[in-house]
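Participant: Next comes the sequence, and after it the predicted model I'd like to discuss.
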4 protein chains.
Amino acid sequence: MDDRIIKEILKFRDERGWKQFHNPKDLAISISLEVAELLENFQWSSSEEAVAKRMSSIQEELADVLIYSILFAETVGLNLDEIIMDKLSANNKKYPVEKAFGKKEKYTEL
Amino acid sequence: MDDRIIKEILKFRDERGWKQFHNPKDLAISISLEVAELLENFQWSSSEEAVAKRMSSIQEELADVLIYSILFAETVGLNLDEIIMDKLSANNKKYPVEKAFGKKEKYTEL
Amino acid sequence: MDDRIIKEILKFRDERGWKQFHNPKDLAISISLEVAELLENFQWSSSEEAVAKRMSSIQEELADVLIYSILFAETVGLNLDEIIMDKLSANNKKYPVEKAFGKKEKYTEL
Amino acid sequence: MDDRIIKEILKFRDERGWKQFHNPKDLAISISLEVAELLENFQWSSSEEAVAKRMSSIQEELADVLIYSILFAETVGLNLDEIIMDKLSANNKKYPVEKAFGKKEKYTEL
């Protein structure tokens, strides 16, 4: 993740004195609320209809998911690039190409 | 977001032939499921207890939230850095420093 | 809601000494986690495929949503029948038949 | 669940011609969105503060969770009382009193 972006997000938080509210539990709740707002764009709609009609809301809510995820990572001391690379490596073992190719099942059902 | 990370995520998806399943609606659902797994670490626990006891699960589930968010952005053609900067700029108007300082209320209640 | 059912749920909780953990915030989180498990049955699937293949999981997770909703209501002192009837009456005003008929839009967009 | 309540909910739906939109996947999404609105009342707040300040919103959002859960059950043909009793019986085996008493751990960790 671009350091400049992370700095802008932390600056936004700190200018408002919001660090005091940002405990990990409430930040996890916050990511969950923003995902629901993203998902609301798809309620009663196909992907195509949602993308055609509500792209600006989709874009804003996805950004909120990311902003809170970055705030969460900063608060608990995680580096986003590192945890993504670690998880991809774990997923490589859970979903070996020869077993998972073209299948949508969970690793427990492969 | 680091291009190298995005490439690794897309490579993981494409080696498994999973692009066919990745419509925006199901990707939004997927982000939502991963956030729930992140939040589960805080069920019946304070932030402190969760962080002390379940950091490796927290790290993995946060990574999954980010991986699916990146896959969602790629699928609908959004650039993460851009949408985050746009949203921060919108939030600057919604939450002016002089009004929002030290307050946890939503902008509709400030 | 049938009093017998509510009594069974509270008996289950109290036999295990779990009332001490059941604060409203964690119960709200718990409902949210169970809904995610319900929704997981529909990830990468149409409604038809999910209902045909995963009905027993759908049934169990929906039951968990209801059990935690009942525990939440009991903990904060709400009567389910009453709050449902109140909400239907509020929804009647938000969604008048002549305006809402055959439309899937939110009341703010009608 | 009281038959009279279920009838009122179905009447509300059918007067508006909404049955056509009510597929199980979108209803599961809808329950998930309503739970997020319930949970929002607890964001940045303790249980006590949320209950003291936002009880009317808590009541409304919990009612929406229940209304959509009932609509989901009707759509897929499930009887709420039955599936709750079945789930309690399954939970009795997963969480035997002697093992689960006073513990908040998941059955997989008991």
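Facilitator: The structure has been received and is ready for your questions. What you see is a predicted model; the values in this text were computed from it and never measured.
Participant: I'd say A:Asp81 and A:Met1 touch.
Facilitator: Yes: taking contacts as CB atoms under 8 Å, A:Asp81 lies within contact range of A:Met1: 6.1 Å. C-beta: built from backbone N, CA, C; applies to glycine.
Participant: Mutual contacts of these two, please.
Facilitator: Residues touching both A:Asp81 and A:Met1 (CB atoms under 8 Å, 6 or more residues apart in numbering or on different chains) are B:Asp2.
Participant: Next, work out how far apart A:Ala50 and chain D are.
Facilitator: 11 Å (CB to the nearest CB, to the nearest Å).
Participant: Could you see whether chain C lies near the helix or strand harbouring that residue?
Facilitator: Using DSSP states H and E, A:Ala50 sits within helix A:47-53. No: counting by CB under 8 Å from any CB of the partner chain, chain C is not contacted by helix A:47-53; separation bottoms out at 10.2 Å.
Participant: got the buried residues for that helix?
Facilitator: Residues of helix A:47-53 classed as buried: A:Ser47, A:Ala50, A:Val51 (neighbour count, 16 or more other CB atoms under 10 Å in any protein chain shown).
Participant: Downstream of that helix, the next helix or strand is which one?
Facilitator: Toward the C-terminal end, the helix or strand that comes next after helix A:47-53 (DSSP H and E) is helix A:55-76.
Participant: and the angle from the helix or strand that that following helix is followed by to helix B:55-76?
Facilitator: Downstream of helix A:55-76, the next assigned helix or strand under DSSP H and E is helix A:80-94. Computed with axes from the mean of the first three to the mean of the last three CA atoms, to 10 degrees, the direction of helix A:80-94 lies at 90 degrees from that of helix B:55-76.
Participant: Check which helices and strands helix A:80-94 sits against.
Facilitator: Secondary-structure packing of helix A:80-94 (3 or more CB pairs under 8 Å, 6 or more residues apart in numbering or on different chains; DSSP states H and E): helix A:55-76, helix B:3-15, helix B:55-76.
Participant: Would you mark the buried spots in that helix?
Facilitator: For helix A:80-94, the neighbour count (16+ other CB under 10 Å) marks A:Leu80, A:Ile83, A:Ile84, A:Met85, A:Lys87, A:Leu88, A:Asn91 as buried.
Participant: residue contacts, A:Gln43?
Facilitator: Here A:Gln43 is in contact with D:Asp26, D:Ile29, D:Ser30, D:Leu33 (CB under 8 Å, 6+ apart).
Participant: Quick check: closest non-adjacent residue to the closest residue to chain D within chain A.
Facilitator: Nearest residue of chain A to chain D: A:Ala36, at 3.3 Å (CB to the nearest CB). Nearest residue to A:Ala36, sequence neighbours excluded (CB to CB, 6 or more residues apart in numbering or on different chains): D:Ala36, at 3.3 Å.
Participant: my guess is the one you found meets C:Ser32, correct?
Facilitator: Yes: checked against CB under 8 Å, the pair D:Ala36 and C:Ser32 is within contact range at 7.0 Å.
Participant: Check the burial of A:Ala57 by counting its neighbours.
Facilitator: Careful, residue A:57 is Ser and not Ala. Here the number of neighbours of A:Ser57 (other CB atoms under 10 Å in any protein chain shown) works out to 14.
Participant: Does it touch A:Asn41 like I think?
Facilitator: Yes: A:Ser57 is within contact range of A:Asn41, at 5.4 Å (criterion: CB under 8 Å).
Participant: Can you pull the residues of chain A lying near chain D?
Facilitator: Within chain A, the positions lying close to chain D (CB under 8 Å from any CB) are A:21, A:26, A:29-30, A:32-33, A:35-37, A:39-40, A:42-44.
Participant: sorry, back to before: can you tell me which of the helices and strands packed on helix A:80-94 comes nearest to chain C?
Facilitator: For chain C, the closest of those is helix B:55-76, at 10.7 Å, according to CB to the nearest CB.
Participant: Name the nearest residue to A:Ile67, sequence neighbours excluded.
Facilitator: Distance criterion CB to CB, 6+ apart; nearest residue to A:Ile67, sequence neighbours excluded, is A:Ile9 at 5.7 Å.
Participant: Helix or strand with the lowest mean pLDDT in chain A?
Facilitator: Using mean pLDDT, DSSP states H and E, the weakest-scoring helix or strand in chain A turns out to be helix A:97-100, at a mean of 94.
Participant: near chain B at all, that one?
Facilitator: Yes: residues of helix A:97-100 contacting chain B under CB under 8 Å from any CB: A:Val97, A:Ala100.
Participant: Can you name the residues in contact with the helix holding A:Ala50?
Facilitator: Under the criterion CB under 8 Å, 6+ apart, residues A:Asn41, A:Phe42, A:Ser45, A:Ile58, B:Asn23, B:Pro24, B:Lys25, B:Asp26, B:Val76 lie in contact with helix A:47-53.
Participant: ok, the first one - how many residues close by?
Facilitator: Residues contacting A:Asn41 under the criterion other CB under 10 Å number 24.
Participant: Go ahead and confirm A:Asp64 touches A:Ser57.
Facilitator: No: between A:Asp64 and A:Ser57 there is no contact under CB under 8 Å: 10.6 Å.
Participant: Find residues that contact each of those two.
Facilitator: With CB under 8 Å, 6+ apart, A:Asp64 and A:Ser57 have common neighbours A:Glu37.
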